[in-house]
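K.L.:
dropping the sequence and predicted coords here.
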Amino acid sequence: MTYIGRFAPSPTGPLHFGSLLAALASFLDARANNGKWLLRIENLDPPREQAGIKETFPNILEAHGLYWDDELCLQSDRHQHYQNVLDALLLQKHAYRCNCSRKEIISRCGNTVYDQHCLLSPPNTDAQCAIRINSKDAQISFTDLIQGQQNDRLNDYGDFVVYRRDNLYAYLLAVVVDDYLQGITHVVRGSDLLSETARQIHLQHILKHPTPTYAHIPVATNNEGQKLSKQTFAPALDIENPVSTLFQALKFLDQRPPQELLSASKEEVISWGINNWKISSIKKTMAKPLQVRT
Ligand code: GLU
Ligand code: ZN
């Protein structure tokens, strides 16, 4: 079996414990399956990027014993690939231009679920436009390895944007193009992205790409139930203390690491993780608090 997995952080803030969970789970699943594990930095949104932060990612991963294969991939180097796919989508009429503002959509539709206004009355050619995928009546079903059977009707989301009106390639386009071009067979990531998956699969169907296997791990929350993130001030990872962080992450992922691992080296923790990895042990839940043990 060939297995290619990946970790795909966005450089909008420092890597934190939630990022490490996605990195570690995707890494261990790849290594336990004798697979490759790639690192892709999703830096498509310069206004939201934190200067100097992506340069810290390789070091932090290595400090936790997580070594990737092949060249690090930067989405900012790959615009031509995204453009080629956009051109094809427009040509084949799977995609269409839209110059509605968010405000206009809300005032017309009552919410942000798009009503295909610009599919029916296309904007004039020099208008500043987003590009949307026609996904009317698409129904997507897939089985997530952790979260189980999923059935999504894309009408509930409205036609999604693959190119933004502020001239940026959208995450949903780039992730699908790159997962395909990098030959990704398995996507292991946080459950905050589960709701994005059906749209990715819809795009894969249109583009005749194979669909990878998906596994969405629970996201860690603070005691107030908020997802650890830059917005909730999750602390940056401490590279001086990788063993206790890895141990805590293995516990969070329901892998039951033995207490002795706390006095092992990070290499030993990682190899224990690979040898004992059971994705099926991860309990089916979208989120759970990270209890900090003192
Ligand atoms: N770059 C995305 C994020 O950091 C993750 C993309 C993915 O794993 O599909 O949220
Ligand atoms: Zn429109």
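P.N.:
Looks like it arrived, so ask away. Ligands and ions are numbered 1, 2, ... in the order given.

K.L.:
residue ranges with poor pLDDT in the stretch 1-150 of the chain?
P.N.:
Flagging of the stretch 1-150 of the chain using pLDDT under 70 yields the residue ranges 1.

K.L.:
so where do the strands sit in it?
P.N.:
For the stretch 1-150 of the chain, applying DSSP state E, counting those that start in this stretch gives strands covering 4-7, 36-41, 73-74, 95-98, 130-133, 139-144, 148-153.

K.L.:
and the stretch 151-294 of the chain, which residues reach ligand 1?
P.N.:
Applying CB under 6 Å from any ligand atom, we find that the stretch 151-294 of the chain lies next to ligand 1 at 175, 189, 193. For every residue, glycine as well, the C-beta is placed using N, CA and C.

K.L.:
do that again at 8 Å, thanks
P.N.:
Contact residues, the stretch 151-294 of the chain versus ligand 1 (CB under 8 Å from any ligand atom): 171, 175, 179, 187, 189-190, 192-193, 196, 200.

K.L.:
and the residue of the stretch 51-200 of the chain closest to ligand 1?
P.N.:
Proximity of the stretch 51-200 of the chain to ligand 1 (CB to the nearest ligand atom) peaks at R189, 3.9 Å away.

K.L.:
ok, and the closest non-adjacent residue to that residue?
P.N.:
Nearest non-adjacent residue to R189, counting by CB to CB, 6 or more residues apart in numbering: A22, 5.1 Å away.

K.L.:
show me what contacts the one you found?
P.N.:
Taking CB atoms under 8 Å, 6 or more residues apart in numbering, we find A22 in contact with 7, 9, 188-190, 217.

K.L.:
go with 10 Å
P.N.:
A22 sits next to 7-9, 15, 188-193, 216-217, 219, 249 when contact means CB atoms under 10 Å, 6 or more residues apart in numbering.

K.L.:
now do it against A287, distance only.
P.N.:
13 Å (CB to CB, to the nearest Å).

K.L.:
what's the helix or strand harbouring S195 packed up against?
P.N.:
Per DSSP states H and E: S195 is located in helix 194-207. Judged by 3 or more CB pairs under 10 Å, 6 or more residues apart in numbering; DSSP states H and E, the packing partners of helix 194-207 are helix 79-91, strand 130-133, strand 139-144, strand 148-153, helix 171-181, strand 186-190, strand 213-217.

K.L.:
adjacent strands (with direction) for the second one?
P.N.:
Next to strand 130-133 in the sheet, as set by DSSP bridges, lie strand 95-98 (antiparallel), strand 161-163 (antiparallel).

K.L.:
which residues touch the longest one?
P.N.:
Applying CB under 10 Å, 6+ apart, the set of residues contacting strand 95-98 from outside is 85-90, 105, 114, 116-120, 122-125, 127-134, 159, 161-163, 165, 173, 203, 206.

K.L.:
just the buried ones from those residues, in PyMOL syntax?
P.N.:
To isolate the buried subset of those in PyMOL, counting by 16 or more other CB atoms under 10 Å, use the following:
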select buried, resi 85+86+89+105+114+117+118+119+123+129+130+131+132+133+134+159+161+162+163+165+173+203+206
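
K.L.:
near ligand 1, which residues of the stretch 1-150 of the chain?
P.N.:
Residues of the stretch 1-150 of the chain lying near ligand 1 (CB under 8 Å from any ligand atom): 6-10, 12, 19, 22, 42.

K.L.:
at 5 Å what do you get?
P.N.:
Neighbours of ligand 1 within the stretch 1-150 of the chain, by CB under 5 Å from any ligand atom: 8-10, 42.

K.L.:
check contacts around the residue nearest to H94 when sequence neighbours are not counted.
P.N.:
Counting by CB to CB, 6+ apart, H94 lies nearest to I206, which is 4.9 Å off, once chain neighbours are set aside. Contacts for I206 were tallied using CB under 10 Å, 6+ apart; they are 85, 88-89, 92, 94-95, 133-135, 138, 176.

K.L.:
nearest to S263, of those residues?
P.N.:
Nearest to S263, judged by CB to CB, of these is V176 at 43.6 Å.

K.L.:
sounds good, over and out.
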